[in-house]
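> got a sequence here, can you model it:
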Amino acid sequence: MDKAAFLKKNLVSAMKNYADYLSGANLPKVDYSVLTDDQHLRYQLLAIGWDKSERVFSVIFHADIVDEHIWIQEDNSEEGLAALLLEKGISPQDIVLAYYPEYHRQYTDFAVA
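Just a heads-up that it's a prediction; the model follows:
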């Protein structure tokens, strides 16, 4: 399996596992959907539904695969997508925390770009 396929497989698996975890939460009218765009290598986990009388539509995760790195564009979870990816065996040097400005990334344990 090439590196891009390995990254994609584990990224989607991490998102699906987290969606399953959230489905057991106390919001029975909220669905958690993993969206995959394999042509553009973009992946999202969305929360869609209702919490009582409030509409729920939220991007929990958004990540892209760029130059054999996972670029985490958005992360609205407590656990952190990067931590979930590390558990899947993805190296910190293959993960870019794109929600930080480029000058700040050098101070993280992850790839700069």
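> just give me the neighbour total for Tyr21.
Number of residues near Tyr21 (other C-beta atoms under 10 Å) recorded here: 13. For glycine as for every other residue, the C-beta is placed from the backbone atoms N, C-alpha and C.
> make that Asp67, sorry
9.
> from Tyr99, how far out is it?
Distance, Asp67 to Tyr99, by C-beta to C-beta, to the nearest Å: 18 Å.
> same question for Thr108.
Distance, Thr108 to Tyr99, using C-beta to C-beta: 11 Å.
> what's the answer for Gly80, then?
11 Å.
> and Leu7, by the same measure?
Distance from Leu7 to Tyr99, counting by C-beta to C-beta: 18 Å.
> ok, those two, which is more surrounded?
Neighbour totals were compared for Leu7 and Tyr99, and Leu7 leads with 23 against 13 (other C-beta under 10 Å).
> contacts only, for that one.
By C-beta atoms under 8 Å, 6 or more residues apart in numbering, the residues touching Leu7 are Ile65, Glu68, His69, Ile70, Ile90, Asp94.
> ok, Tyr32 next?
Tyr18, Ala19, Asp20, Leu22, Ser23, Leu45, Leu46, Ala47, Ile48, Ile60.
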